[in-house]
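In: build me a model from this:
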Amino acid sequence: MSESLYYGSYLHLDKVLAAQHPVSFRPGNEPAHDEMLFISIHQAYEIWFKQILFELDYCLNIFGKEAINDNSEDLNLVRHRLKRIIKILDLLNQQVHVLDTMTPLDFLEFRNLLTPSSGFQSMQFRLIEAKLGLQLEQRHQADYYKRTNEGGFTEKDYNHISSTESSPNLLQRVNNWLERMPFFDTAFWPNCTNSEPENHPFWMAYKEVYVNGLTDREKNKLQDFDQLFFEKGNNTNITQPLFSSAAMRSALFIMLYRDFPVFQTSYQILDALIEIDHLLSTWRHKHLVMVRRMIGMRVGTGNTSGAGYLEGALQKHFVYRDLSGLSTFLIERKKLPHLPETLLAHVGFAPLKK
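Out: This next block holds a predicted model:
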């Protein structure tokens with residue numbers, strides 16, 4: 001007969017609770033009380049990072065399908081997983097306040113003992129960024145980021161991160177999913193005879209409303225509109241988009257007509273990706289403020305530039321900026337172009353049979 005399951009053994013608490021080993025408590029060092037808090041906080045972060053990766057892997061698997069059935073549970077579960085990630089990130093941002101109970105003088109009691117280890121070396125956080133879609137060339141100080149010297153990654157972690165970065169990420173798979181949206185097909189638009197996207201009846205009508213709603217100071221947004229959605233022009237003031245123009249057209253269409261039943265889950269997925277990006281930015285900002293409070297402008301324990309590196313990452317490490325930027329191109333609900341009956345039959349609930 002097998003031994004009955006016990007709470008402590010099920011959670012392996014003998015290993016978890018025995019995993020805190022403050023360096024300052026080693027023989028010959030002066031024990032620093034707050035090092036235990038420092039370790040507990042960071043171990044908790046890593047456990048939650050593992051859960052985020054678990055949820056992301058599920059989403060990657062669903063979006064990796066060649067076709068996603070809107071009538072299946074797939075998209076709803078993706079939405080649910082992404083919402084869970086949002087809750088976890090919200091919790092992690094709140095956790096910074098617990099670490100803030102440690103003062104700079106408390107930290108100095110053991111800081112030098114941590115060299116050359118650093119939060120920079122969190123492999124799981126790098127995997128989260130990579131799976132979301134942050135590419136190496138987009139990173140702040142990209143040449144500094146991928147290294148295996150002192151303060152960098154171990155060879156094993158380096159190879160794991162590199163392998164993940166070369167694999168399909170969530171941004172790419174969401175892009176492919178958006179490109180497959182069928183709502184601009186000529187079958188749904190009786191008056192559509194031109195295959196060029198900018199000549200599609202919907203976009204011709206939409207662009208006219210959008211342009212008429214711009215103020216004199218906003219007229220340059222027309223160039224951005226053409227470049228982002230139709231790849232026309234070469235406006236160097238606009239950041240190179242990470243999503244294709246076809247994907248961006250679908251994403252904007254979903255945001256505009258989010259109130260139709262068929263778009264509700266898709267909209268919530270896009271909105272969740274934007275929120276995840278914002279919460280990661282909030283986490284970086286809180287980390288930056290905390291580091292400035294703790295060590296000022298001193299070099300980080302991993303030989304980074306400390307607050308300087310974190311500030312650069314905060315400004316540059318956005319993954320879904322294309323989606324959040326779509327609000328630039330919205331128009332009022334009451335001015336939205338009317339959709340043809342042939343399309344309306346596919347975006348609402350089926351009418352009751354008489």
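In: please enumerate the helices of the stretch 101-250 of the chain.
Out: Along the stretch 101-250 of the chain, the stretches classed as helices by DSSP state H, counting those that start in this stretch are 104-108, 123-132, 142-145, 155-165, 170-179, 201-212, 221-230, 245-256.
In: rebuild these as a markdown table, extending it with distance to residue 6.
Out: No exception for glycine: its C-beta is placed from N, CA and C like everyone else's. Written out in a markdown table, the entries for the helices of the stretch 101-250 of the chain read as follows (distance: least, CB to CB, whole Å):
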| stretch | distance to residue 6 |
| --- | --- |
| helix 104-108 | 37 |
| helix 123-132 | 29 |
| helix 142-145 | 44 |
| helix 155-165 | 34 |
| helix 170-179 | 38 |
| helix 201-212 | 62 |
| helix 221-230 | 58 |
| helix 245-256 | 49 |
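In: figure out which of these is closest to residue 22.
Out: With CB to CB as the criterion, residue 22 lies closest to helix 104-108 of those, at 12.7 Å.
In: next one, pLDDT for the residue most central in space within the chain please.
Out: For the chain, residue 277 is the residue whose C-alpha lies nearest the centre (CA atoms, centre = their mean; 4.0 Å). The predicted local distance difference test score for residue 277 is 93.
In: report pLDDT for residue 302.
Out: The predicted structure scores residue 302 at 49 on the pLDDT scale.
In: looking at the helices of the stretch 101-250 of the chain, which one has the lowest mean pLDDT?
Out: Here those differ in mean pLDDT, and the lowest is helix 142-145 at a mean of 66.
In: re the thing from before, which among the helices of the stretch 101-250 of the chain is found nearest to residue 37?
Out: If you check each of these against residue 37 by CB to CB, helix 104-108 wins as the nearest, at 8.7 Å.
In: just to revisit the earlier point, dump the helices of the stretch 101-250 of the chain to CSV, plus distance to residue 293 and mean neighbour count.
Out: Formatted as CSV, the helices of the stretch 101-250 of the chain follow (distance: least, CB to CB, whole Å; neighbours: other CB atoms under 10 Å):
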stretch, distance to residue 293, mean neighbour count
helix 104-108, 6, 14
helix 123-132, 21, 21
helix 142-145, 24, 13
helix 155-165, 29, 15
helix 170-179, 33, 20
helix 201-212, 45, 16
helix 221-230, 38, 18
helix 245-256, 38, 22
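In: count the residues that sit near the nearest residue to the residue nearest to the centre of the chain once chain neighbours are set aside.
Out: Among residues not flanking residue 277 along the chain, residue 320 sits closest, at 4.4 Å (CB to CB, 6 or more residues apart in numbering). Taking other CB atoms under 10 Å as the criterion, the count of residues near residue 320 is 23.
In: and residue 320, how far from residue 263?
Out: Here the criterion is CB to CB, to the nearest Å. By it, residue 320 lies 18 Å from residue 263.
In: among the helices of the stretch 101-250 of the chain, which is nearest residue 12?
Out: For residue 12, the closest of the helices of the stretch 101-250 of the chain is helix 123-132, at 18.6 Å, according to CB to CB.
In: contact partners of that closest one?
Out: Helix 123-132 has contacts (CB atoms under 8 Å, 6 or more residues apart in numbering) with 46, 49-50, 52-53, 56-57, 60, 119, 153, 157, 160-161, 164-165, 169-171, 276-277, 280, 317, 319-320.
In: got the angle between that helix and helix 170-179?
Out: What separates the directions of helix 123-132 and helix 170-179 is an angle of 20 degrees, with axes from the mean of the first three to the mean of the last three CA atoms, to 10 degrees.
In: what angle sits between the helix or strand harbouring residue 292 and helix 245-256?
Out: Remark: residue 292 resides in helix 261-295, with elements defined by DSSP states H and E. Orientation check (the same axes, to 10 degrees): helix 261-295 against helix 245-256 gives 100 degrees.
In: please compute how far helix 261-295 lies from its chain's middle.
Out: The chain centroid and the centroid of helix 261-295 are separated by 7 Å, computed with CA atoms, centre = their mean, to the nearest Å.
In: touching, residue 110 and residue 37? I think so.
Out: No: contact between residue 110 and residue 37 fails when scored by CB atoms under 8 Å: they sit 10.8 Å apart.
In: those two: who's more crowded?
Out: The neighbour comparison of residue 110 against residue 37 (other CB under 10 Å) goes to residue 110, with 20 against 17.
In: how near is the more buried one to residue 123?
Out: The spacing between residue 110 and residue 123, counted by CB to CB, is 23 Å.
In: how about residue 93?
Out: The spacing between residue 93 and residue 123, counted by CB to CB, is 21 Å.
In: one step back: residues in contact with the residue nearest to residue 277?
Out: Each residue near residue 320 by CB under 8 Å, 6+ apart is listed here: 132-133, 171, 273-274, 276-277.
In: show the pLDDT at it.
Out: Note for residue 320: predicted pLDDT of 94.
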